[in-house]
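Asker: Following is a predicted model, sequence given first.
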Amino acid sequence: MVKGIERPLDLLNQSKGKEIIVQLKTGKQIVGTLVAFDIHINIVMDNAKEMDNGQMTRSYGLAFLRGDTIIFISPSNLK
Amino acid sequence: MVKGIERPLDLLNQSKGKEIIVQLKTGKQIVGTLVAFDIHINIVMDNAKEMDNGQMTRSYGLAFLRGDTIIFISPSNLK
Amino acid sequence: MVKGIERPLDLLNQSKGKEIIVQLKTGKQIVGTLVAFDIHINIVMDNAKEMDNGQMTRSYGLAFLRGDTIIFISPSNLK
Amino acid sequence: MVKGIERPLDLLNQSKGKEIIVQLKTGKQIVGTLVAFDIHINIVMDNAKEMDNGQMTRSYGLAFLRGDTIIFISPSNLK
Amino acid sequence: MVKGIERPLDLLNQSKGKEIIVQLKTGKQIVGTLVAFDIHINIVMDNAKEMDNGQMTRSYGLAFLRGDTIIFISPSNLK
Amino acid sequence: MVKGIERPLDLLNQSKGKEIIVQLKTGKQIVGTLVAFDIHINIVMDNAKEMDNGQMTRSYGLAFLRGDTIIFISPSNLK
Amino acid sequence: MVKGIERPLDLLNQSKGKEIIVQLKTGKQIVGTLVAFDIHINIVMDNAKEMDNGQMTRSYGLAFLRGDTIIFISPSNLK
């Protein structure tokens, strides 16, 4: 139904080089460009910005995020 | 008793392309269409909407949810 | 001493098709019919109802519950 | 020093068919007869009663408890 | 430097039959005699007493403690 | 798109010998020079300084950080 | 850059027999001499002292610490 997504990681693969929103278990969000990911859902983002309630609270450039702190990841250009 | 459900993942398989409700450990819910899942219960949803106490708090389009943040998943067209 | 229960999963096997109470780590309970389970204690229930302090707070039909959110499972016809 | 207990699970093996107290991470206790256990410390109890501060808050008959919610298990006839 | 302790479990091995203090993640302590342990740090203690802020709050005789609830274990005859 | 980063650990590899910011699950941050890391994201930092709300609260020299306490790691020279 | 530290555990190896500070997830610290460690970062310390906000709250002699309660470990002679 959704083109080319047979397994969950296919969405991450399609999102490489694109902007994503990452919801952390801490309640904060990181927005930025998805650079790389692995099967633990560890990810690297570029132009990473920490958001709290819609406000940018920090800017990090490149950032490595540990998979076990992530609730969900969404391509931000959709919807 | 319930047709075609021998193992828990069979319910997720039957729910592909259908609307589901996902209860997160954070207390929020995500409703949307189930696109894909894996054995870790990582899932991809389309038209994902975040609900809090019955109110839509956000709309995400496609979203990848990490399995370890999920309490339960229910097809929303039932009951 | 209890017929046919050599290993813990034997109780779940005997409970298939019967009503069970599932106590979640969130403090809520789900009551319904056990349809399927696996070794991670992921389960599928039918006619699943969420209970909070003895009050039904929601009704879900079929539901997939992740094993790691479960404290205990009890056949509800035993008291 | 204690007869027949070389490994921790030996105590559980000796306690089969006897009354035990199970301390849960939730702060509550379950008392009842140990029926079965496995290496994950998943256990089945019979005549399971939930205790909170020394008061019985519920009675369940047979119950399957997930090992990862347990702090400790003690044979209740020893004091 | 400390005789016979090459690996962490060597300390537990030396403490068998001796009194130990176990600090739990709940904030409470269990004191008693170490009877057995395994590689998960599941342990069995005899004459187990639950302590809270230096006060004995309960006495259990034999007790099986799940390793994942333990912060540290110390032989109580030292210092 | 980002040179030489095919997998998440490539960013950590490029950051060896450089200053990084580590966000801990406790809410604090550690800044210092990345010396070594492994696949569990255990890391060793040199000139490690603990920061709380932008204030240095402690200075540690060399420090070993357990991977499971880390939310993200960012090279601090990128902004 | 830092002599002899290729992998994170090399720092622990260099610290055997020396004084270390261990930061626990509970917020407390244990200071003492590192005696032994394993790949789970379970460690044994000698002359272990529990510190809370810079105050010694307890003294334990030898102590076995479970790796999963540790945030970081630092040789205390480095500053």
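Answerer: The structure has been received and is ready for your questions. Residues are numbered from 1 along each chain as shown, chains lettered A, B, ... in the order given.

Asker: Helix, strand or coil: sort out the most centrally placed residue in chain A for me.
Answerer: The centre of chain A sits closest to A:Val22, judged by C-alpha atoms, centre = their mean, with a distance of 3.9 Å. Secondary structure, DSSP: H, G, I helix; E, B strand; the rest coil: A:Val22 is strand.

Asker: which residues sit in contact with it?
Answerer: By C-beta atoms under 8 Å, 6 or more residues apart in numbering or on different chains, the contact list for A:Val22 reads A:29-31, A:43, A:45, A:65, A:70, A:72-73. Any C-beta I mention is one placed from the backbone N, CA and C, and that applies to glycine too.

Asker: What residues are bridge-paired with it?
Answerer: Beta-bridge pairing for A:Val22 (DSSP bridges): A:Ile30, A:Ile73.

Asker: separation between it and chain C?
Answerer: Here the distance between A:Val22 and chain C works out to 21 Å (C-beta to the nearest C-beta, to the nearest Å).

Asker: The helix or strand in which A:Gly61 is found vs chain G: in contact?
Answerer: In this assignment (DSSP states H and E), A:Gly61 forms part of strand A:55-65. No - interface with chain G: strand A:55-65 contributes nothing (C-beta under 8 Å from any C-beta of the partner chain), its closest point being 15.4 Å away.

Asker: ok, the closest residue to chain E within chain A - contacts?
Answerer: Nearest to chain E in chain A, going by C-beta to the nearest C-beta, is A:Asp68, at a distance of 16.2 Å. Residues near A:Asp68 by C-beta under 8 Å, 6+ apart: A:40-41, B:68, F:68.

Asker: so does the strand holding A:Gly61 get close to chain B?
Answerer: No - using C-beta under 8 Å from any C-beta, strand A:55-65 stays clear of chain B, coming no nearer than 11.6 Å.

Asker: Can you report how many residues neighbour the residue nearest to A:Phe64 when sequence neighbours are not counted?
Answerer: Setting aside the residues directly before and after it, A:Phe64 is nearest to F:Ile73 in space (C-beta to C-beta, 6 or more residues apart in numbering or on different chains), at 4.5 Å. Here the number of neighbours of F:Ile73 (other C-beta atoms under 10 Å in any protein chain shown) works out to 29.

Asker: I'd like to know how far F:Ile73 sits from A:Thr26.
Answerer: 15 Å (C-beta to C-beta, to the nearest Å).

Asker: what's in contact with the helix or strand where A:Thr33 lies?
Answerer: For A:Thr33, the host element (DSSP H and E) is strand A:29-37. The contact list for strand A:29-37, computed with C-beta under 8 Å, 6+ apart, reads A:9, A:12, A:15-24, A:43-52, A:60, A:62-63, A:65, A:73, A:76, F:1-2, F:5-8, F:10-11, F:72.

Asker: With stretch A:40-58 instead?
Answerer: Stretch A:40-58 is contacted by residues A:12, A:20, A:22, A:27-37, A:59-68, A:70, A:73, B:42, B:66, F:1-2, F:5, F:8-11, F:41, F:72, F:74 when judged by C-beta under 8 Å, 6+ apart.

Asker: on that earlier part again, could you check the angle strand A:55-65 makes with the strand holding A:Thr33?
Answerer: With axes from the mean of the first three to the mean of the last three C-alpha atoms, to 10 degrees applied, the angle from strand A:29-37 to strand A:55-65 works out at 20 degrees.

Asker: For strand A:29-37, what does the pLDDT average out to?
Answerer: Across strand A:29-37, pLDDT averages out at 97.

Asker: Pull out the buried positions in that strand.
Answerer: Residues of strand A:29-37 classed as buried by neighbour count (16 or more other C-beta atoms under 10 Å in any protein chain shown): A:29-37.

Asker: about what we covered before: the strand holding A:Gly61 pairs with which strands, parallel or anti?
Answerer: strand A:43-52 (antiparallel), strand F:70-75 (antiparallel).

Asker: Can you list the buried residues in the first one?
Answerer: What that stands for is strand A:43-52. In strand A:43-52, the ones that count as buried by 16+ other C-beta under 10 Å are A:43-51.

Asker: from those residues, which two are the most distant?
Answerer: In these, two members sit farther apart than any others by C-beta to C-beta. They are A:Val44 and A:Met51, at 18.1 Å.

Asker: How about chain A: which residue is closest to chain G?
Answerer: Closest point on chain A to chain G, by C-beta to the nearest C-beta, is A:Asp68, at 13.0 Å.
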